[in-house]
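In: Fold the following and give me the result.
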Amino acid sequence: MTVITIMPTRLPSWLNLKVILTVLIAKALVLVFAAQAFLTVGEKPLNANESFLSIWNRWDAVQYLKIAQEGYVSKGDDRFLIVFFPLYPALVALLQLIVRDYLLSAFIVSGFASLAAALALRSLVKLDRSERTAQLAVVFLFIFPTSYFLHIPYTESLFLALVIGSFVAARKRYWVWAGVLGGLACLTRINGLILFPALAFEVWIEYRESAQFNKKWLFLILIPFGFGGYLALNYFVTGDALMFMIYQREHWYRYFRWPWEGIWETYKRVDLAKPVDAQMTGVQEVLFVVIGAAATVFGWRHLRNSYRVWMVANWLLFVSTSFVLSVPRYTLSLFPLFILMAIAARASRYINFAFWMWSVLFLALFTTQFVRGNWAF
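Out: Model (predicted):
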């Protein structure tokens, strides 16, 4: 009689079940809580018009789904949608061919991207820190006050997955992948371009160690090439490669200003007559501007040069505009922040407790505001 022994299959080191369960639990709780908040605080029933998923179809989500369904156009009000980058709606449109529902497709794309972002963040932190710190960084990312954007039809999860993946690839000297993922990040959000100067510091580190030129560094050129693809899209649709800048200024009223000017204009909104507007467009915007700056300054010694470039350049991009808005959401892209939070939390139980309480309480508040159709970044 022959006995066949089946050996358990060993999972790849990057495919961490604790991280996957963390994300799935966070996702389930956020979506269920949102439905409960919509029913109780909003005092509205869920129905065909306001379903479990469609209560999230607000603000920019509507625009991304419209692009996925109809593409970019050169005339009418929808011509202004060229300011939204193409990779996310393209993936939604492709997956819709299988699931036959654009909203469900968007949630699936964001769902897989959020898992990828979490796994990539753990892998990145593990290069320098302990497993416990890596796991905690993932937790802080997924309980962050605006982390609901990682689950819904927005670009946050896809962008984070591509950016952190590019950093992981560069840290492990997989330069081809660093360039490919960086190029895709530039097709998702404009701040993907910051990867180019940030990863240049990783190139410099390898050069100092080897004192040799590595031809694979040239694949980082794919990062600005990704942005070039977006410019080509602008030219193909509108006849002007820079039309997105024109529309940003003329229709969306966004243009370059010195950081202190935009911050000052935001600070003045703290005194708006309507308390909800004062809080959501004034107090919280200023608070998250301060959080980004403080994390960069006080966490400087814990950050690699490439992470420092990413933090500083992104922060400047957030605030160097005609009016500072959506900084609480944009802060999600500052992935070194969650590493710093994990380091600080492990150093003090009181800091750890404060981070958890602040994150969970404001995650609940902002989630409730968003699904009720109110402005929440």
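
In: which residues does residue 201 contact?
Out: By CB atoms under 8 Å, 6 or more residues apart in numbering, the residues touching residue 201 are 304, 305, 306, 309. Backbone N, C-alpha and C define where each C-beta goes, glycine included.

In: What remains of those if I keep only buried residues?
Out: Those of these that meet the buried threshold are 304, 306, 309, by 16 or more other CB atoms under 10 Å.

In: ok, the last one to residue 196 distance?
Out: Separation of residue 309 from residue 196 (CB to CB, to the nearest Å): 10 Å.

In: same check, this time on the first one
Out: In this structure, residue 304 and residue 196 are 16 Å apart, going by CB to CB.

In: The nearest residue to residue 110 once chain neighbours are set aside is in what secondary structure piece?
Out: Leaving aside its chain neighbours, residue 110 sits nearest to residue 157 (4.8 Å; criterion: CB to CB, 6 or more residues apart in numbering). Assigned by DSSP states H and E, residue 157 belongs to helix 156-171.

In: what does residue 322 give?
Out: Going by DSSP H and E, residue 322 is not part of any helix or strand.

In: Sketch out the low-pLDDT regions of the chain for me.
Out: Flagging of the chain using pLDDT under 70 yields the residue ranges 1-9, 11.

In: make it 80
Out: The chain contains residues with pLDDT under 80 at 1-14.

In: and residue 262, what does it touch?
Out: 319, 320, 321, 322, 323, 324.

In: What's the separation between it and residue 188?
Out: 23 Å.

In: check contacts around the closest residue to residue 303 other than its chain neighbours.
Out: In this structure, residue 303 finds its nearest non-sequential neighbour in residue 336, 5.6 Å apart by CB to CB, 6+ apart. Residue 336 sits next to 295, 299, 303, 307, 310, 311 when contact means CB under 8 Å, 6+ apart.

In: Tell me the one of those nearest residue 279?
Out: The shortest approach to residue 279 among the contacts of residue 336 belongs to residue 295, at 21.8 Å (CB to CB).

In: for the strand or helix carrying the closest one, packing partners?
Out: Using DSSP H and E, residue 295 falls within helix 284-298. Here helix 284-298 touches helix 259-268, helix 305-319, helix 327-330, helix 336-347, going by 3 or more CB pairs under 8 Å, 6 or more residues apart in numbering; DSSP states H and E.

In: Go through those and pick out the most buried.
Out: Mean neighbour count (mean count of other CB atoms under 10 Å) peaks for helix 327-330 among the helices and strands packed on helix 284-298, with a mean of 23.

In: Please name the nearest non-neighbouring residue to the spatially most central residue of the chain.
Out: When CA atoms, centre = their mean is applied to the chain, the residue found nearest the centroid is residue 156 (2.9 Å). Among residues not flanking residue 156 along the chain, residue 149 sits closest, at 4.2 Å (CB to CB, 6+ apart).

In: Pretty sure the one you found sits against residue 328.
Out: No - look at residue 149 against residue 328 with CB atoms under 8 Å: they stay out of range, at 9.4 Å.

In: where do the contact lists of the two overlap?
Out: residue 377.

In: From what I see, residue 344 and residue 354 are in contact.
Out: No - counting by CB under 8 Å, residue 344 stays clear of residue 354, with 9.5 Å between them.

In: mind listing what's buried in the strand or helix carrying residue 224?
Out: In this assignment (DSSP H and E), residue 224 forms part of helix 222-238. Going by neighbour count (16+ other CB under 10 Å), the buried part of helix 222-238 is 222, 223, 224, 226, 227, 228, 229, 230, 233, 234, 237, 238.

In: measure the fourth one to residue 183 for me?
Out: Residue 226 sits 3 Å away from residue 183, going by CB to CB.
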